[in-house]
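Engineer: When you get a sec, could you give me coordinates for this:
(one chain, ligands or ions: 2)
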Amino acid sequence: QPVIVFTDVTKIYPLDAGDVVALDHLSLEIQRGEFIAIMGPSGSGKSTLLNMIGCLDIPTSGDVIIDGKNIRTMTDDQLTELRRDVLGFIFQQFNLILLLNALENVQYPLILKTGETGCTDRCKEVLAAVGLTSDLWHHRPGQLSGGQQQRVAIARALVNDPEIMLCDEPTGNLDTKTGTAIMQLLTRLCREQGKTIVMVTHDPRTAEYADRIIMIEDGRITEDA
Ligand code: ADP
Ligand code: ADP
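Structural biologist: Ligands and ions are numbered 1, 2, ... in the order given. Next up is the predicted model:
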């Protein structure tokens with residue numbers, strides 16, 4: 001059954017220079033376990049779409065249903081909870097906390113959720129699952145390669161066992177070989193753990209890993225294959 005449903009969604013940013021229509025009556029259904037790539041020119045609405053799935057932005061009109069919940073009817077606290085329990089975020093710049101080591105970065109969301117610090121077993125399990133060897137668990141981001149940092153970021157996104165993984169240019173800061181390894185990891189999470197993955201990318205080679213490529217232009221879907 002669909003885990004993400006957009007029905008006639010419009011997003012307008014009112015600016016002094018005039019309204020910007022970032023999403024224009026967009027409808028979309030994403031099934032559980034699908035691996036989706038979103039592509040399109042700069043300014044076409046990709047980030048807005050991803051932010052809306054991520055409950056960071058609310059539609060001007062239309063409905064966004066995430067895991068059965070309509071985000072327009074939810075309070076900020078409920079949105080925060082949904083974000084924490086159902087969604088995992090992965091970014092181009094990794095967005096790790098530079099003062100914390102790999103293990104502590106992965107622990108961080110669990111501490112926010114449970115208030116407990118004694119969750120190292122779960123974090124080690126997830127770090128091992130994303131292929132980060134144990135000699136690196138006590139390294140800070142600055143002591144890790146880009147690919148290793150992205151593995152830590154993926155472990156952090158996975159630690160709460162989210163239904164949906166949102167990836168914004170996950171290979172944008174990686175060389176081709178490392179990017180391939182990260183895409184193989186994401187593919188494995190989709191196939192073996194049934195994660196739903198929604199990824200924004202400019203890179204056609206990265207998009208090839210997806211089951212379905214959605215092209216958007218001027219806030220509208222121009223192709224869905
Ligand atoms: P993309 O990710 O495809 O580059 P965006 O979703 O970032 O596209 O932007 C779509 C359009 O909405 C652009 O014209 C952009 O300038 C505008 N936009 C996005 N976010 C905001 C915002 N917070 N305030 C005003 N305009 C925005
Ligand atoms: P990307 O590299 O992912 O395409 P963007 O430059 O489109 O990134 O957007 C980065 C962030 O800035 C997004 O969260 C988007 O909503 C916001 N943003 C984009 N355009 C504008 C704008 N004109 N005014 C304010 N915020 C914007």
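
Engineer: who's in contact with the residue in the chain positioned nearest to ligand 2?
Structural biologist: Per Cβ to the nearest ligand atom, residue 47 is where the chain lies closest to ligand 2, at 4.1 Å. C-betas here are computed from N, CA, C, even on glycine. By Cβ atoms under 8 Å, 6 or more residues apart in numbering, the residues touching residue 47 are 168, 200.

Engineer: you'd agree it is in a helix?
Structural biologist: Yes. The assignment for residue 47 by DSSP: H, G, I helix; E, B strand; the rest coil puts it in a helix.

Engineer: roughly how far apart are it and residue 55?
Structural biologist: 14 Å (Cβ to Cβ, to the nearest Å).

Engineer: So the residue of the chain closest to ligand 2 versus residue 202, what's the distance?
Structural biologist: 12 Å.

Engineer: same deal with residue 16?
Structural biologist: From residue 16 to residue 202 the distance is 29 Å (Cβ to Cβ).

Engineer: of the two, who's got more company?
Structural biologist: Taking other Cβ atoms under 10 Å, residue 16 and residue 202 do not tie; residue 202 has more neighbours (14 against 4).

Engineer: can you give me phi and psi for that one?
Structural biologist: The phi/psi pair for residue 202 (degrees, to the nearest 10) reads phi -90, psi -10.

Engineer: Check the secondary structure at residue 24 for me.
Structural biologist: strand.

Engineer: Now do the contacts for it.
Structural biologist: 10, 45, 218-220.

Engineer: For residue 90, state which of the residues you listed is nearest.
Structural biologist: residue 45 (19.8 Å; Cβ to Cβ).
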